[in-house]
Structures are given as structure tokens and as C-alpha cells.
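Novice: the following block contains a protein sequence and its predicted model.
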Amino acid sequence: VVFLLTDAAYPSETFPISINQVPGQSAANTLTIRPGVGNVATISGSSTSCIIRFNGADWVILDGSNSGGTDRSLTLSNTSTGPSTAVVCVQSLGTALVATHDVLRNCNIIAGSTTVSSIFGIHVAGTTVSTSATGDDNDYLTIQNNSIKKAYYGIYSRATAAGRNDSLKILNNSIGANVTADQIGKYGMQLYEADHALISGNEVFNIVGTVTNPTGIRIEAGVVNSSITKNNIHNLYYTSTGGYGGKGIDVATSANANVTISNNFVSKMRGDGWSTFTSDAIVGIRILSPSTGINIYNTP
């Protein structure tokens, strides 16, 4: 099933727009939502939660291309500057009703503030939008070729050890902006509890300001059997004098994690980070305890 967006703007919707689970959806019976051919569309408003919510939905493709290609012809914007808000939420409603096999691609995703510490571009967890929210088994999610800006967190994903997010793919996204007001506030992405994640081909850039330790990719507890490859992370600047600095890839996962970090390009990390590598120093790639089983290499 394909649902076409035929208007240029959708300013008066009731948010969040929830995409619920539909019985019978499968790999052979998906739901695709995209702009009509040649249409450039915007869905924008102020929401205390999300603009678009994958509400335990399976096999849904939200595709911003109006040509069947890689153009970003759909803009999703949450103008709220209130805390605990996001533009797109992928939500598990419990272990019996989870969001699986969903795709979010080719969209411009614009949140409301770079300075409020609980504003997200994309939030993958449970029904609460926060940095402590968890949602089990949001599996086989693909986030691809989106532009994400004006958020404290570009992408945030969190589950539990009992229900890790399996086979998460974050591919070829642009996370950041050249205009200062639209830049990411602190984290390009932060991930917890993911199994067989692939983070590849993303550009994370221009996280600049007085927020401590601006970070491109932060890998937290429970990220295992995963690959971080071919990402370009640059221009992460701490501009104050508190002894902090930019961090390209920060790894604080588990023992025997089996995580491979390969062929990434990390450049222009700045700050006045005078402290040790385990706290606030300027670093390209950093491995923190209890992380073991981390493979770091470059091949031509």
C-alpha cells in the first residue's frame, strides 16, 4: 500500500500523527508513505511529544523522496522548544507490541532547539520521550539518508538487555548544519542495547558551543556484535574554558562486545581539554571501561 502526500504543507494536523500496527502487514504487504511525484511537502507543528510516531507499527516505510530516488522532498519539523520532545518517535508499546521492520529515509528532520537537553531528532525507545526511556525489541529499523538538525540529540536509541534493538541500521545520514542556530547541541547519535547494529556512511558535523564534550557517536552499554564504519565526523568544538573537548567516537559498552570500528574519518576536534582520556580530553576515538572486544582498524 502506498499513501501519497499531495499537499505542500500540513500545518494544522493534530500531533503526534500516529502510525499504528495494522494486522496482516509483512514483507510482502508494507505501507509506504511518501510525497507524490514532484511534490515537496512539509509536516510542521508544535508537539509536546512527536510529530510522527511509529506506534508499535511494523513494515512501514516513511520515504521523503518524491521521485523514488534519494532526494529529500519531505520536511518534518517539531517547532516546540519544550523538553522531552522529538520530531520522529519509534515506540515499543511493550514486548507484545513492538515496532519492527520500519524504514525512515530521505527526510529533512528539524527539531526545535539545540540547547534544551532532552530534544531529539529521532527517538527510538518506548512511549516516553526522554534520555531514560527504554523500549524493547524495536528491531530491524533502518534510518537512512536523512538530514537531521536543530536538536540536542540527532538520533537516540535505547532498549534493555532483555529486549535489545536487533539489526538497527543508521546509514548515510547528515547530522548537523552549517547555520549555527540549526546545529546539533551535543550528540550526533547515542545508542544503548543494540545487537548487530550497522552505523555506516554518516556525516556528523558542526557541534559547536559551550556544552561539555560534544560527541559524534556515543556507544553505550549493551551495544554488541556491531559495526561502525565509513563515518565522517568533523568540527566538534567546545568553545568555553572548563577543560572539555570534542569526541569523535566514544565507546562505553560491555565486556566482550564484539564491536568493529573501521575506516572512519575523524577530524577537527577542539576544546581546552586538559584532563585525562577517561574524562574530558579531546579525543578522536576513545574506549572506556568496561568495553572489551573492540576492534579498531583502517584498510585502504
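Specialist: Structure's in. What do you need?
Novice: tell me where the model's unsure across the stretch 1-150 of the chain.
Specialist: Across the stretch 1-150 of the chain, the ranges flagged by pLDDT under 70 are 95.
Novice: go again with 50.
Specialist: Judged against pLDDT under 50, the stretch 1-150 of the chain has no low-scoring part.
Novice: can you give me the strands in it?
Specialist: Remark: strands assigned in the stretch 1-150 of the chain by DSSP state E, counting those that start in this stretch are 2-5, 9-10, 17-20, 31-35, 41-45, 52-55, 60-63, 74-78, 85-91, 103-105, 107-110, 119-125, 142-144, 147-149.
Novice: closest one to L288 among those strands?
Specialist: Smallest distance to L288 across the strands of the stretch 1-150 of the chain (CB to CB): 22.6 Å, for strand 119-125. All C-beta atoms are positioned from the backbone trio N, CA, C, and that covers glycine.
Novice: sorry, back to before: Throw the strands of the stretch 1-150 of the chain into JSON lines and include distance to T229 and mean neighbour count, thanks.
Specialist: Converted to JSON lines, the strands of the stretch 1-150 of the chain look like this (distance: least, CB to CB, whole Å; neighbours: other CB atoms under 10 Å):
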{"stretch": "strand 2-5", "distance to T229": "32", "mean neighbour count": "14"}
{"stretch": "strand 9-10", "distance to T229": "36", "mean neighbour count": "13"}
{"stretch": "strand 17-20", "distance to T229": "30", "mean neighbour count": "16"}
{"stretch": "strand 31-35", "distance to T229": "28", "mean neighbour count": "19"}
{"stretch": "strand 41-45", "distance to T229": "32", "mean neighbour count": "19"}
{"stretch": "strand 52-55", "distance to T229": "26", "mean neighbour count": "24"}
{"stretch": "strand 60-63", "distance to T229": "24", "mean neighbour count": "21"}
{"stretch": "strand 74-78", "distance to T229": "27", "mean neighbour count": "25"}
{"stretch": "strand 85-91", "distance to T229": "23", "mean neighbour count": "29"}
{"stretch": "strand 103-105", "distance to T229": "19", "mean neighbour count": "21"}
{"stretch": "strand 107-110", "distance to T229": "23", "mean neighbour count": "25"}
{"stretch": "strand 119-125", "distance to T229": "20", "mean neighbour count": "29"}
{"stretch": "strand 142-144", "distance to T229": "15", "mean neighbour count": "21"}
{"stretch": "strand 147-149", "distance to T229": "19", "mean neighbour count": "25"}
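Novice: which non-adjacent residue is nearest L93?
Specialist: Distance criterion CB to CB, 6 or more residues apart in numbering; nearest residue to L93, sequence neighbours excluded, is G56 at 4.1 Å.
Novice: specify the beta-bridge partners of L191.
Specialist: When assigned by DSSP bridges, L191 has beta-bridge partners S157, I219.
Novice: pretty sure it is touching V224, no?
Specialist: No - here L191 does not reach V224: they are 11.1 Å apart, not a contact under CB atoms under 8 Å.
Novice: more neighbours, these two?
Specialist: It is L191, of L191 and V224, that has more neighbours when counted by other CB atoms under 10 Å, with 27 against 20.
Novice: quick one: the more buried one and I155, what's the gap?
Specialist: Look at L191 and I155: by CB to CB, to the nearest Å, they are 8 Å apart.
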